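build the 3D model from these lines:
(one chain, ligands or ions: 2)
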Amino acid sequence: MKQPLIEITNLGMEFPSDDGKFKALDDINLTLCEEEFVCILGQSGSGKSTLLRIVTGLLEPTSGSIRFLKEEDPKRAIVFQNSNLLPWMNVIDNIALPLKIHGVNENEARQQAETWIERVGLDEFSNEWPQTISGGMQQRVAIARALIQQPELILLDEPFGALDAFTRDQMALELLKVWEEFHPTMLMVTHSISEAVLLADRIVVFSKRPGYIIHELEIPFPRPRTAELRDRTEFFDLVKNLRNLLTAS
Ligand SMILES: Nc1ncnc2c1ncn2[C@@H]1O[C@H](COP(=O)(O)OP(=O)(O)OP(=O)(O)O)[C@@H](O)[C@H]1O
Ligand SMILES: [Mg+2]
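Ligands and ions are numbered 1, 2, ... in the order given. Just a heads-up that it's a prediction; the model follows:
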């Protein structure tokens, strides 16, 4: 039985607005377990990014609570919709930065960064500046920069949104491999239903504004999973069910 890592209880978020208050999230109850991969699906504006920002600690909820259940708060890494790379550092230095901040020496940090550059398929671009590579490549650098920290909890907010369909597929499979290797807890927002079904142990579906959870679904496919899973009838059926749920949300 997996251990609970984060417990979100009756969580709500209101933002000030011109005519009083605007409710973005309403009564969210969600427990994330260690090593679990949870995907959030929901229409635009349903509060998905807001919830992720609360989990990262960037934002305080206005009601309810979020509790980390281990003695120490888990080491978190975040990949946002935009890559947020440092423009004055080349690709390899951007990836190595979190290690250097944590005191890893230059050589070791570079060596590890090189491994991750290869894993995201950018080894030819290690000396380029972020501005000179494509948006999709920038996002791959951001993903490598998060993964190099081998965090216990990885938060991903539409990390593949800027990628072309082919690269997006490759990155989803790469993320699967990463999960198999390190078993980090993952909380990922995506607009791709099939990506969520391929990756997640559990999918949480948000309602329209204000976001609350209208459905939670365990994904029954065993691990390790591979690309072939996407050709199975059971896979299509789940994608279809979820699409119907989202359309009705
Ligand atoms: N800092 C803020 N101040 C005021 N309103 C905000 C703030 N952040 C988010 N909102 C509002 O809260 C709602 C939810 O926003 P959020 O970005 O969480 O949605 P989302 O589900 O991530 O949407 P998308 O799929 O388009 O990324 C939106 O209506 C947004 O305008
Ligand atoms: Mg968002």
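
now do the same end-to-end measure for stretch 76-87.
End-to-end distance for stretch 76-87: 23 Å, by CA to CA, to the nearest Å.

how distant is it from the center of its chain?
Distance, stretch centre to chain centre, for stretch 76-87: 11 Å (CA atoms, centre = their mean, to the nearest Å).

what comes into contact with that stretch?
Contact with stretch 76-87 is made by 49, 52, 55-57, 93-94, 97-98, 129-131, 135, 138-139, 141-143, 145-147, 149, 151-159, 161-162, as judged by CB atoms under 8 Å, 6 or more residues apart in numbering. C-betas here are computed from N, CA, C, even on glycine.

so which of those are in helices?
49, 52, 55-56, 93-94, 97-98, 135, 138-139, 141-143, 145-147 (DSSP state H).

re the thing from before, buried ones among the contacts of stretch 76-87?
49, 52, 55-56, 93-94, 97-98, 130, 138-139, 141-143, 145-147, 149, 151-159, 161-162 (16 or more other CB atoms under 10 Å).

care to break this structure down by domain?
Per automatic domain parsing, the structural domains of the chain span 4-75+155-248, 85-150.

for ligand 1, which of those is the nearest?
When the domains of the chain are compared by CB to the nearest ligand atom, domain 4-75+155-248 sits nearest ligand 1, at 3.2 Å.

hmm, that closest one in reach of ligand 1?
Yes: residues of domain 4-75+155-248 contacting ligand 1 under CB under 6 Å from any ligand atom: 15, 22, 24, 42, 44-50, 209.

and the residues you listed, which of them are in helices?
Those of the residues of domain 4-75+155-248 next to ligand 1 lying in helices (DSSP H): 48-50.

list the helices and strands the helix or strand of the chain with the lowest mean pLDDT packs on?
Ranked by mean pLDDT, DSSP states H and E, the weakest helix or strand in the chain is helix 165-182, scoring a mean of 84. The contact analysis (3 or more CB pairs under 8 Å, 6 or more residues apart in numbering; DSSP states H and E) places helix 165-182 against helix 135-147, helix 193-199.

sort out which residues of the helix or strand following the shortest one are buried, please.
What it means is helix 193-199. Going down the chain from helix 193-199, the next helix or strand is strand 202-206, by DSSP states H and E. Buried positions in strand 202-206, judged by neighbour count with 16+ other CB under 10 Å: 202-206.
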